[in-house]
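1. Sequence plus the predicted model coming up.
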Amino acid sequence: MRIALAAAGLLAATACSPSPVTPPANDTAATTGPTEAAAGASGDAAPNIVAPKRQAGLWTFSHVAANGDELWTDKLCVGEKSESGYSAFQQIGNGGDCTARNFTRTSNGYRYVTVCGVPGMKPVTTRGTLTGDVRTGYTLDEVLDLSVEGDNQKIVARHTGDCPTDLTDGQMKDGKMGMVYSVLMR
């Protein structure tokens, strides 16, 4: 669902703006090596640092409005396969091809900037923080550049136990439409 929302936002934000956007300067302390630079050039940038692993099992991702109301909750079955190809860092900015995924460790989590988009459209820059323990639960507070003033987004991720029998490693159940899809096929 996040892909559908990001794609819809990209369409709305770029309908009158055909010019490309230059990715922001890397504001991280870590450096990008040759592998990441090559990946960035291909439009599939890997995070510049390795994400801590989430605990295996069922994770919920609650999308929260500015007033604190829960809008919807997605569910993801996390295991070895999904952590190797769809880590907590790779999930951020997952609306298309990413040319930058820059993370910096902070005292209470991480600060990040991602630049992701759909070919032929203006990329979306997301700036945010990830706070909490990635292994058991964390919060993403993000600002996406979909509008002049920026669009705020808050997602609360929690490990809730074992995966149900209807979800296997790498399968996500969309909290809005109830669709189940594989995050491993992205």
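-> Looks like it came in fine.

2. For Gly132, grab the count of nearby residues.
-> Gly132 has 15 neighbours, counted by other C-beta atoms under 10 Å. (C-beta placed from N, C-alpha, C; glycine too.)

3. and it, that's in a strand?
-> Yes. Under DSSP: H, G, I helix; E, B strand; the rest coil, Gly132 falls within a strand.

4. Sketch out the strands for the protein, chain order is fine.
-> Using DSSP state E, the strands of the chain run over 57-64, 70-78, 97-106, 109-117, 124-133, 137-144, 151-161, 171-173, 180-182.

5. Identify the residues contacting the last one?
-> Right, the one you point to is strand 180-182. 166-167, 170-174 (C-beta atoms under 8 Å, 6 or more residues apart in numbering).

6. could I get these as CSV with distance to Gly109?
-> Listed next are the contacts of strand 180-182 as CSV, based on distance: C-beta to C-beta, whole Å:
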residue, distance to Gly109
Asp166, 32
Leu167, 27
Gly170, 24
Gln171, 27
Met172, 23
Lys173, 26
Asp174, 26
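
7. Tell me the one of those nearest Thr139?
-> Met172 (18.7 Å; C-beta to C-beta).

8. Could you give the number of residues near the closest residue to the closest one other than its chain neighbours?
-> For Met172, ignoring the flanking residues on the chain, the nearest one in space by C-beta to C-beta, 6 or more residues apart in numbering is Leu76 at 4.5 Å. Look at Leu76: counted by other C-beta under 10 Å, it has 23 neighbours.

9. ditto for Val64
-> Count around Val64 with other C-beta under 10 Å applied: 18.

10. oh, and call the first residue 11 from now on, that's how I've got it
-> Understood, numbering begins at 11; the last thing we discussed is Val74.

11. Touching, it and Leu81? I think so.
-> Yes. Val74 is within contact range of Leu81, at 6.7 Å (criterion: C-beta atoms under 8 Å).

12. so where is this structure shaky, pLDDT-wise?
-> 11-53, 104-106, 196 (pLDDT under 70).

13. if you set the cut-off to 50 instead, what comes out?
-> Scanning the chain for pLDDT under 50 picks out 11-52.

14. how close does Gly78 get to Ser92?
-> 29 Å (C-beta to C-beta, to the nearest Å).

15. ok, back up a step: deepest of the strands of the chain, which one?
-> Most buried of the strands of the chain by mean neighbour count (mean count of other C-beta atoms under 10 Å) is strand 119-127; its value is a mean of 23.

16. Appreciated, that's everything.
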